[in-house]
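S.K.: Build the 3D model from these lines:
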Amino acid sequence: MWKHTPNALCVLRILAVPFFVYFLVAYDDTFGARVALGIYFVATITDIFDGRIARKYHLESDLGRVLDPIADKLLIIVGFLCPLYRGILPWWFIVITFVREIVVSYIGLEALHKHMIPKPNVLGKAKTVFQMATIVAVLIFMAITNGLEWEGFWLLDYGEVTFLTVFVSWIIWTGLILSLISMVQYLKGYVEQKLEWRRERLEAQKQL
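M.R.: Residues are numbered from 1 along each chain as shown. Below you'll find the model as predicted:
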């Protein structure tokens, strides 16, 4: 009964992406943001359940290991790009976020190529949580205000300071700072592992 459930939930999240984009882009009002928020909420819930089901019933599969990160990345990418299109998030925030992901992904692939296991990064996991929280916070902001009150936000010129603007700004800036710090930690760990890897290779060559 549960055999294909985790993969089906992953596929469901991927299929939800175009609907999320449609309602957030085609409807330039609070209605579209509210529907998109509902879609994102359901997608997040399925993400939680597919992992639990896979672990509980030992249904992990190679397909699931491929689909799960694809679904997660797609939701995060469109979750940032759509508010950028609506003028809610600035372009430089998106550039910093995407460059960080590209750098870390490249390092991860390079490490695997050299048969090195990347060290777990607690801040990296916290960053992912705050990225998702950022998307939810922005969607809530858009669903309530349609983003019209966010003019000049990135220069800390709130206009009318409200609890919502302060709360959303705190989440966004915290996520961005964690992204940069975790990237530095990831780079540091990779360099240390690479130096150790080179030392081991040199020692092995000397023994030949």
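
S.K.: C-alpha from now on. contacts and neighbour counts both.
M.R.: OK.

S.K.: Flag the shaky bits of this structure, pLDDT-wise.
M.R.: 1-4, 50-51, 53-66, 114-121, 147-161, 208 (pLDDT under 70).

S.K.: What is the longest helix of it by residue count?
M.R.: Longest helix in the chain, counting residues (DSSP state H): helix 163-206.

S.K.: Run through the neighbouring helices and strands of it.
M.R.: Counting contacts by 3 or more C-alpha pairs under 8 Å, 6 or more residues apart in numbering; DSSP states H and E, helix 163-206 packs against helix 91-113, helix 122-145.

S.K.: Quickly list the domain ranges of this protein.
M.R.: Using automatic domain parsing, the domain parsing of the chain gives 1-86, 89-208.

S.K.: I'd like those written out as JSON lines, with mean neighbour count added.
M.R.: Below are these laid out as JSON lines (neighbours: other C-alpha atoms under 10 Å):
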{"stretch": "domain 1-86", "mean neighbour count": "17"}
{"stretch": "domain 89-208", "mean neighbour count": "15"}
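
S.K.: I'd like the helices and strands packed on helix 163-206 as CSV, with distance to Arg201 appended.
M.R.: As requested, those are exported to CSV (distance: least, C-alpha to C-alpha, whole Å):
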stretch, distance to Arg201
helix 91-113, 15
helix 122-145, 29
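
S.K.: Need the nearest residue in space to Val168, chain neighbours excluded.
M.R.: Nearest non-adjacent residue to Val168, counting by C-alpha to C-alpha, 6 or more residues apart in numbering: Ala137, 5.7 Å away.

S.K.: ditto for Leu123
M.R.: In this structure, Leu123 finds its nearest non-sequential neighbour in Ser182, 5.3 Å apart by C-alpha to C-alpha, 6+ apart.

S.K.: The nearest residue to Ala26 once chain neighbours are set aside: helix or strand, and which one exactly?
M.R.: Leaving aside its sequence neighbours, Ala26 sits nearest to Gly32 (C-alpha to C-alpha, 6+ apart; 7.5 Å). Assigned by DSSP states H and E, Gly32 belongs to helix 30-56.

S.K.: just how off-centre is the helix or strand that that helix is followed by within its chain?
M.R.: Where DSSP H and E defines the elements, the next helix or strand beyond helix 30-56 is helix 62-85. Between the mean C-alpha point of helix 62-85 and the mean C-alpha point of its chain there is a distance of 7 Å (C-alpha atoms, centre = their mean, to the nearest Å).
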